[in-house]
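> The amino acid sequence is not available; the structure is as follows:
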């Protein structure tokens, strides 16, 4: 059970923080007061505030900038403009190929640096993905799960690259494609694979985490290839009658 389930003070801090963020939602980037000030304002301990902030960070509602504090609102990630440009000329298979090269290493590093807090956060994110009622919710929590592993690696360049990949995945056209790839069977497999990744990180076993992540991404790539192949076959089938009719007209002209 997570801290939020055991501690009513953390729940109260979370509700107060949500209200604070909602009151400032017009600001693209709002800096939150320090934990000590928030604890005094909400009438709870700093530990409760920290637990609530962890939840909001997992949800993507806040983000932290080292040495500068905690911020709410929309974060402008490194490379957003670059990601938007790349999305126009890359394709899902290329993205999966890059993920297969990068994310297993991130999982390995995360397992080597794992803490009980990280394991708890990943458990929460994996559970939210499993409980998703629709594709949009699944994408949100799946992305959060993978992003949290990237963040735990401690490698800022890798984290920036993953940020670019995540921005590409948020492109509307890409979201529509990914929705077609997802199915109840596909999601069930991903849930089991997330559990395998999480188990390796929980056991502080870097090589197992690396292999579990690679297995997950390779199977997802196969699903992407299958969907692209299915679309191509549908297009070929739909064009076949037109091509046959065109050929028939040409033969009539020759006669």
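All right, it came through fine. Here the structure is a predicted model, which means the values were calculated and not measured.
> how far away is residue 102 from residue 15?
Separation of residue 102 from residue 15 (C-beta to C-beta, to the nearest Å) stands at 37 Å. To be clear about C-beta, it is placed using only N, CA and C from the backbone, and glycine gets the same treatment.
> Of the two, which one has the most company?
Between residue 102 and residue 15, residue 102 has the larger neighbour count (other C-beta atoms under 10 Å), namely 19 against 12.
> Give the next helix or strand downstream of the stretch of helix or strand that one belongs to.
Residue 102 belongs to helix 92-112 when assigned by DSSP states H and E. Beyond helix 92-112 on the C-terminal side, the first helix or strand identified by DSSP H and E is helix 116-130.
> what distance separates that following helix from the centre of its chain?
13 Å (C-alpha atoms, centre = their mean, to the nearest Å).
> ditto for stretch 154-163
Its chain's C-alpha centre and that of stretch 154-163 lie 14 Å apart, by C-alpha atoms, centre = their mean.
> Over to stretch 185-195?
Mean-position distance between stretch 185-195 and its chain equals 14 Å (C-alpha atoms, centre = their mean).
> Out of the helices and strands in the protein, which is least certain?
helix 3-6 (a mean of 49; mean pLDDT, DSSP states H and E).
> hang on, residue 90 in a strand?
No - Residue 90 is assigned coil when assessed by DSSP: H, G, I helix; E, B strand; the rest coil, not a strand.
> all helices for this protein, in order.
Using DSSP state H, the helices of the chain run over residues 3-6, 8-23, 35-42, 46-59, 80-87, 92-112, 116-130, 135-152, 156-169, 172-181, 184-202, 206-254.
> Same list (the ones you listed) but as JSON lines, adding distance to residue 67.
Shown next, in JSON lines, are these (distance: least, C-beta to C-beta, whole Å):
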{"stretch": "helix 3-6", "distance to residue 67": "26"}
{"stretch": "helix 8-23", "distance to residue 67": "21"}
{"stretch": "helix 35-42", "distance to residue 67": "15"}
{"stretch": "helix 46-59", "distance to residue 67": "16"}
{"stretch": "helix 80-87", "distance to residue 67": "22"}
{"stretch": "helix 92-112", "distance to residue 67": "22"}
{"stretch": "helix 116-130", "distance to residue 67": "20"}
{"stretch": "helix 135-152", "distance to residue 67": "16"}
{"stretch": "helix 156-169", "distance to residue 67": "13"}
{"stretch": "helix 172-181", "distance to residue 67": "34"}
{"stretch": "helix 184-202", "distance to residue 67": "27"}
{"stretch": "helix 206-254", "distance to residue 67": "28"}
